[in-house]
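Asker: after the sequence you'll find the predicted model.
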Amino acid sequence: MAEAEAMYRRALEGLEKAWGPEHTSTLNTVNNLGNLYADQGKMAEAEAMYRRALEGKEKAWGSEHTSTLETVNNLGILYKHQGKMAEAEAMYRRALEGEERRVGPEHTSRLSTDNNLGNLYTHQGKMAEAEA
């Protein structure tokens with residue numbers, strides 16, 4: 001994990017110098033660093049990276065681009081692990097609504113978010129919502 005973090009930081013530094021902090025390649029690395037921090041249990045750092053990535057992706061691609069929605073979903077996962085259930089649900093719902101508008105309600109790209117929201121409802125004891 002420490003070696004992976006060092007490599008992500010090195011990549012991020014290089015991308016920021018080459019393309020700038022708002023370039024989409026930079027933002028993808030920011031999101032990936034957020035994933036690593038979440039895996040390491042560094043929740044505050046992960047949230048900061050996800051928030052940075054989300055803000056930049058919204059500016060670059062809009063709120064319903066698949067990459068933007070991926071980061072929204074990542075924030076939902078993070079909030080669930082932090083016990084912030086209302087925030088997690090809001091992120092999952094935002095991702096689902098964006099995915100439905102972008103690709104339709106039956107597209108496979110939204111199955112992961114459906115599953116995450118179902119797991120959240122199960123964790124909260126909302127079995128009818130989880131089953132749906």
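Answerer: Nice, I can see it.

Asker: so for the helix or strand of the chain with the lowest mean pLDDT, what gets flagged as buried?
Answerer: Evaluated with mean pLDDT, DSSP states H and E, the helix-and-strand set of the chain has its lowest mean pLDDT in helix 111-123, which scores a mean of 87. Within helix 111-123, the residues scored as buried using 16 or more other CB atoms under 10 Å are 113, 116-118, 120-121. From N, CA and C alone the C-beta is placed, and that goes for glycine too.

Asker: now swap in stretch 42-62 and tell me
Answerer: Those buried within stretch 42-62 under the rule 16+ other CB under 10 Å are 42, 45-47, 49-50, 52-54, 56-58.

Asker: check stretch 12-24 too.
Answerer: For stretch 12-24, the neighbour count (16+ other CB under 10 Å) marks 12, 15, 24 as buried.

Asker: which residues in the protein form helices?
Answerer: Applying DSSP state H to the chain gives helices spanning 2-18, 24-40, 43-61, 66-81, 85-103, 111-123, 127-131.

Asker: just the buried residues of stretch 12-24 now: which is nearest residue 65?
Answerer: Closest approach to residue 65 among the buried residues of stretch 12-24 (CB to CB): residue 24, at 9.5 Å.
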